[in-house]
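[1] Below: sequence and its predicted model.
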Amino acid sequence: MARKTTRLTDKQIKAAKPKDKDYVLSDGDGLQFRIRKNGTKQWNVNYYHPITGKRINMGLGTYPQLSLASARKLTLEARELIALGIDPKEKREQGKAEQAAIVEHTLYNVACEWFEIKRNNVTEGYAKDIWRSLELYVFPSLSKTPITHITAPMVIDLLRPVEAKGSLETVKRVTQRLNEILDYSVNCGLAPSNPLSGIRAAFKKPKKENMKALAPAELPELMAAIANASIKRTTRSLIEWQLHTMTRPNEASGTRWEEIDLENNQWVIPAERMKKRKEHAIPLTPQMLAILESMKPISGHREYVFPADRDPKKPTNSQTANAALKRMGFAGRLVSHGLRSIASTTLNEQGYDSDLVEAALAHVDKNEVRRAYNRTDYLERRRPMMQWWSEHIIQASQGTLSITGYKSLKVVGNE
């Protein structure tokens with residue numbers, strides 16, 4: 001007959017004193033009360049693994065924090081799991097790991113991991129814009145929320161006030177970035193699914209507006225306004241540089257002297273500064289070289305061709321040209337990015353090969369098959385086209401209004 005274990009009593013437990021060696025008092029069903037020689041009293045449950053049959057000893061807690069009644073309850077729960085073929089110790093460790101993962105994988109922490117990858121695929125300026133939008137609209141409320149606890153209603157409530165202000169484009173971008181973060185968490189096994197996949201449907205759609213740009217026939221008006229505006233030489237040179245080179249605002253404002261290759265007569269913008277992360281070479285025309293020459297006394301000894309006014313070690317802000325155009329009276333008619341549109345429309349109207357125009361604008365072919373086979377940037381074929389464009393600008397300037405070395409120059413201050 002199996003030996004029957006006598007149940008422990010609260011009185012016995014309280015009276016148990018430490019000895020020279022650790023010893024155990026049994027309560028039955030595998031529950032043990034271990035008294036260590038240092039005076040610590042520990043509850044353990046001893047059992048056989050339901051699959052391997054290996055003897056397991058699982059700690060339950062210390063006395064008096066864990067009472068006899070509570071220890072018996074935990075033992076009963078463990079026995080029920082064993083009867084179902086589940087090892088209670090493995091299940092407990094799994095639960096701890098899951099809980100730790102919840103605490104570790106907050107929205108902020110996962111967003112940081114995602115951003116480290118994302119920032120390598122976009123320009124530095126765009127990366128800053130992405131992170132700033134999360135700091136402004138998401139992190140103040142949800143940074144500590146576990147990624148598995150993020151829900152669509154939660155994000156909708158968060159962005160409703162932004163939508164109410166009419167910032168629909170902001171809502172669109174923030175939801176897009178949150179979707180990318182959630183997709184990343186799913187792909188990395190941090191979340192079972194993306195609950196935000198259809199969230200854009202919950203908000204009003206922003207009206208698509210084309211970049212404001214002047215018609216080609218209005219180029220003389222623009223050149224006259226630039227020449228007569230009370231702006232600094234750096235700002236004037238930047239606007240004309242962007243116009244001649246057909247570059248984006250951030251690409252133009254961030255021009256470095258080291259990117260200018262006079263030996264091969266080209267400006268080479270590294271991939272990390274380009275929107276599509278592809279190196280872009282621009283043939284230099286005499287007019288472009290004249291703009292650079294005009295900037296040498298100001299920035300020839302510095303890193304950036306168009307240095308910032310307050311901190312010359314940094315480039316001029318990409319919105320400087322935009323602000324200047326507004327002050328000239330072009331608000332609602334032209335933004336600095338629209339200078340590219342003037343060039344594109346003019347060159348296409350002149351019958352230039354559309355492939356050359358698209359290459360000059362650093363556009364990537366949307367046709368993946370065509371893009372795979374067409375890797376050329378048409379650099380040499382673009383030289384005559386760029387030269388024509390520069391001469392066309394000077395002609396629109398009536399020969400006296402450009403900063404490219406002609407007379408009647410109105411300069412206010414230096415940067």
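    Cool, got the structure. Numbering: from 1, shown residues only.
[2] Break the chain down into its domains, please.
    Domain ranges of the chain: 10-94, 107-202, 216-396, per automatic domain parsing.
[3] Mean neighbour count, those: which tops it?
    Mean neighbours per residue, mean count of other Cβ atoms under 10 Å, is largest over the domains of the chain for domain 216-396, with a mean of 18. From N, CA and C alone the C-beta is placed, and that goes for glycine too.
[4] Quick one: end-to-end length of it, please.
    10 Å (Cα to Cα, to the nearest Å).
[5] Export the domains of the chain to a markdown table and append columns for mean pLDDT.
    As requested, those are exported to a markdown table (pLDDT from 0 to 100):
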| stretch | mean pLDDT |
| --- | --- |
| domain 10-94 | 89 |
| domain 107-202 | 92 |
| domain 216-396 | 89 |
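[6] Walking through the stretch 151-300 of the chain, point out its strands one by one.
    For the stretch 151-300 of the chain, the strands defined by DSSP state E, counting those that start in this stretch cover 260-261, 266-269, 280-283.
[7] who does the last one pair up with?
    Paired strands of strand 280-283, with direction, are strand 266-269 (antiparallel) (DSSP bridges).
[8] Just the residues contacting the strand it pairs with, thanks.
    245, 247, 251, 255, 259-261, 279-284, 288, 379 (Cβ atoms under 8 Å, 6 or more residues apart in numbering).
[9] now, among those, which is nearest to K212?
    T247 (17.7 Å; Cβ to Cβ).
[10] quick one: contacts for the closest one?
    W241, I269, I282, R340, A362.
[11] Next one: L334 from A215, what distance?
    10 Å (Cβ to Cβ, to the nearest Å).
[12] Could you find which two of the contacts of T247 are furthest from each other?
    It's W241 and A362 that sit farthest apart of the contacts of T247, by Cβ to Cβ, at 15.3 Å.
[13] Could you measure from R256 over to D27?
    77 Å.
[14] next one: T6
    9 Å.
[15] so V24, which of the three states?
    strand (DSSP: H, G, I helix; E, B strand; the rest coil).
[16] dump the residue contacts of it.
    Here V24 is in contact with Q32, F33, R34, I35 (Cβ under 8 Å, 6+ apart).
[17] Could you dump those into TSV with distance to P50 and secondary structure added?
    What follows is the contacts of V24, written out as TSV (distance: Cβ to Cβ, whole Å; DSSP: H, G, I helix; E, B strand; the rest coil):
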residue	distance to P50	secondary structure
Q32	19	strand
F33	24	strand
R34	23	strand
I35	29	strand
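[18] Go through these and name the one nearest N265.
    R34 (84.6 Å).
[19] Once you drop chain neighbours, what's closest to the closest one?
    Q42 (4.6 Å; Cβ to Cβ, 6 or more residues apart in numbering).
[20] Then L379?
    That would be A281: by Cβ to Cβ, 6+ apart, it lies 5.4 Å from L379.
[21] Can you give me the distance of that neighbour to E77?
    70 Å.
[22] For the closest residue to D22 other than its chain neighbours, give me its contacts.
    Distances taken as Cβ to Cβ, 6+ apart put R36 closest to D22, at 4.9 Å, once the chain neighbours are dropped. By Cβ under 8 Å, 6+ apart, the residues touching R36 are P18, D22, Q42.
[23] can you redo those as CSV with distance to T346?
    Output for these, formatted as CSV (distance: Cβ to Cβ, whole Å):
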residue, distance to T346
P18, 94
D22, 91
Q42, 84
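[24] where does P315 fall, phi/psi-wise?
    The phi/psi pair for P315 (degrees, to the nearest 10) reads phi -80, psi 160.
[25] Would you quantify the distance from it to P249?
    Distance from P315 to P249, by Cβ to Cβ: 11 Å.
[26] one step back: the contacts of T247 into a markdown table, with extra columns for distance to C188?
    Formatted as a markdown table, the contacts of T247 follow (distance: Cβ to Cβ, whole Å):
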| residue | distance to C188 |
| --- | --- |
| W241 | 43 |
| I269 | 33 |
| I282 | 39 |
| R340 | 38 |
| A362 | 32 |
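[27] and of those, the nearest to N348?
    Once Cβ to Cβ is applied, the member of the contacts of T247 that ends up nearest N348 is R340, at 12.2 Å.
[28] how far away is the closest one from V122?
    19 Å.
[29] the helices in the stretch 251-400 of the chain, which residues?
    Secondary structure of the stretch 251-400 of the chain (DSSP state H, counting those that start in this stretch): helices at 286-299, 320-325, 338-349, 354-360, 368-373, 379-396.
[30] right, so of the ones you listed, which gets closest to G198?
    helix 368-373 (26.0 Å).
[31] For I226, which residues are in contact?
    Counted by Cβ under 8 Å, 6+ apart, I226 has contacts R236, I239, E240, M328, L401.
[32] hang on, isn't the first one packed against A225?
    No - with contacts counted by Cβ atoms under 8 Å, R236 stays clear of A225, the gap being 10.8 Å.
[33] Which helix or strand contains I56?
    According to DSSP states H and E, I56 maps onto strand 55-62.
[34] which residues are in contact with that strand?
    Residues contacting strand 55-62 (Cβ under 8 Å, 6+ apart): 40-49, 66, 70-71, 74-75, 78, 87-89, 92.
[35] same question, stretch 204-224
    By Cβ under 8 Å, 6+ apart, stretch 204-224 touches 163, 168-169, 171-172, 330, 332-335, 337-342, 345-346, 349, 392-393, 396-398, 401-402.
[36] In strands, which of the contacts of strand 55-62 fall?
    K41, Q42, W43, N44, V45, N46, Y47, Y48 (DSSP state E).
[37] would you turn those residues into JSON lines with distance to I13?
    JSON lines is the format used below for the ones in strands among the contacts of strand 55-62 (distance: Cβ to Cβ, whole Å):
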{"residue": "K41", "distance to I13": "8"}
{"residue": "Q42", "distance to I13": "12"}
{"residue": "W43", "distance to I13": "10"}
{"residue": "N44", "distance to I13": "14"}
{"residue": "V45", "distance to I13": "16"}
{"residue": "N46", "distance to I13": "17"}
{"residue": "Y47", "distance to I13": "21"}
{"residue": "Y48", "distance to I13": "26"}
